[in-house]
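**Q** Generate a structure from the sequence data that follows.
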Amino acid sequence: MAPTAGIESESPYEEPAVAPGDAVRHAHPRTYLMCPPTYFDVVYAINDWMRPGEPVDRDRAMSQWSALADTYRRLGHEVLTIDPVEGLPDMVFVTDSGLVVDGVALGARYRTAERRAEAEHVFRWFRDNGLIRPTLPRYVNEGEGDFLVVGDVILAGTGFRSDPRSHAEASAHLGRPVITLNLVNPRYYHLNTALGVLDDSTIAYLPSAFSPDSRDVLGRMFPDAVIAAGTDTDWLGLNLVSDGANVVLPVQASHLADQLSDRGYEPVPVDYSEFLKSGGGIKCSTLELRGFRGIRDESQG
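**A** Take a look at the predicted model:
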């Protein structure tokens, strides 16, 4: 699954050597589901980032969230929203509440009681808006927090949140092979905090967040992956969103941005720092609706 350059060889028998930075990157329009941070707060601690009682600036959070949504629209993507619910301060991190592939929706089942109700609201949105075969899982899975789609494969994290048995369940429902990856550092409690998908064949990741066997798997599958540094992951730099060419990432992750630029991607930095108080980032707030066909119009039956 090494990245391709998108350049044809003049010889049918030999591919020319192409430097990573010479690769042709293509942006593809996406549809994202987001939830406004109306009730965002830190009132409990379920990961190593959270400090209950630390003041949250909701106006700043709303401003940063709105800027992120506007960035997606400026890049040509569709942004849909789900209504926030009072008493669910982490609902802004909507990506953890489901996974959509080819229009087929798999809901989430949270490990922690504090977030359990979020999954019910997002699942209802799936069901009410025309997603195919919306299904709630039997085993704990935290949506795109731990499931990341790379081309025809789904990378699936476990170790802190999602039950490894949920990986086979997701594969059966979504019809895609699922590759299990073991997370070993509680600071990177979800897969999307330690690995970012850049396009259908390229990822960026932090090797130290994974067990040795999982590092071997990633090394074999993605020999040309971008290797992140701790200075970037301290800002959840890998919690990024890419359309194949434009990579939306934290403005503070400058080293990672330079690496992406060298590879021919266009870094799109945004400030999303208020959400670090809850251990959340850009991808946490962005659930991709792959194969979504549009909001159901009830007036037309």
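
**Q** those helices in the stretch 51-200 of the chain, which residues are they?
**A** Remark: helices assigned in the stretch 51-200 of the chain by DSSP state H, counting those that start in this stretch are 58-74, 116-128, 165-174.

**Q** Could you export those helices to TSV, including columns for mean pLDDT, distance to residue 229 and mean neighbour count?
**A** The way it works is simple: take the backbone N, C-alpha and C, and place the C-beta from them, glycine included. Formatted as TSV, these follow (pLDDT from 0 to 100; distance: least, C-beta to C-beta, whole Å; neighbours: other C-beta atoms under 10 Å):
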stretch	mean pLDDT	distance to residue 229	mean neighbour count
helix 58-74	98	23	16
helix 116-128	98	32	18
helix 165-174	98	29	18
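
**Q** I'd like the ones you listed laid out as JSON lines, including distance to residue 240.
**A** Below are those laid out as JSON lines (distance: least, C-beta to C-beta, whole Å):
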{"stretch": "helix 58-74", "distance to residue 240": "11"}
{"stretch": "helix 116-128", "distance to residue 240": "21"}
{"stretch": "helix 165-174", "distance to residue 240": "22"}
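
**Q** out of those helices, nearest to residue 283?
**A** helix 58-74 (10.5 Å; C-beta to C-beta).

**Q** Centre of the chain to the closest one, how far?
**A** 17 Å (C-alpha atoms, centre = their mean, to the nearest Å).

**Q** Tabulate the CA atom coordinates of that helix in PDB.
**A** Output of helix 58-74 as PDB, limited to C-alpha atoms (Å, rounded to 0.1, in the frame of the first residue of the first chain):
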ATOM      1  CA  ARG A  58     -16.900  28.600  25.500                       C
ATOM      2  CA  ASP A  59     -16.900  31.700  23.300                       C
ATOM      3  CA  ARG A  60     -13.300  30.800  22.200                       C
ATOM      4  CA  ALA A  61     -14.300  27.200  21.700                       C
ATOM      5  CA  MET A  62     -17.200  28.200  19.500                       C
ATOM      6  CA  SER A  63     -15.100  30.600  17.500                       C
ATOM      7  CA  GLN A  64     -12.400  27.900  16.900                       C
ATOM      8  CA  TRP A  65     -15.100  25.300  16.000                       C
ATOM      9  CA  SER A  66     -16.800  27.800  13.600                       C
ATOM     10  CA  ALA A  67     -13.400  28.600  12.000                       C
ATOM     11  CA  LEU A  68     -12.800  24.800  11.400                       C
ATOM     12  CA  ALA A  69     -16.300  24.400   9.800                       C
ATOM     13  CA  ASP A  70     -15.700  27.400   7.600                       C
ATOM     14  CA  THR A  71     -12.300  26.000   6.600                       C
ATOM     15  CA  TYR A  72     -13.900  22.800   5.400                       C
ATOM     16  CA  ARG A  73     -16.500  24.800   3.400                       C
ATOM     17  CA  ARG A  74     -13.800  26.900   1.900                       C
END
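
**Q** what helices or strands is it leaning on?
**A** Packing partners of helix 58-74 (3 or more C-beta pairs under 8 Å, 6 or more residues apart in numbering; DSSP states H and E): strand 31-34, strand 78-81, strand 246-250, strand 266-270.

**Q** again, 10 Å this time
**A** Applying 3 or more C-beta pairs under 10 Å, 6 or more residues apart in numbering; DSSP states H and E, one finds that helix 58-74 contacts strand 31-34, strand 78-81, strand 241-242, strand 246-250, strand 266-270.
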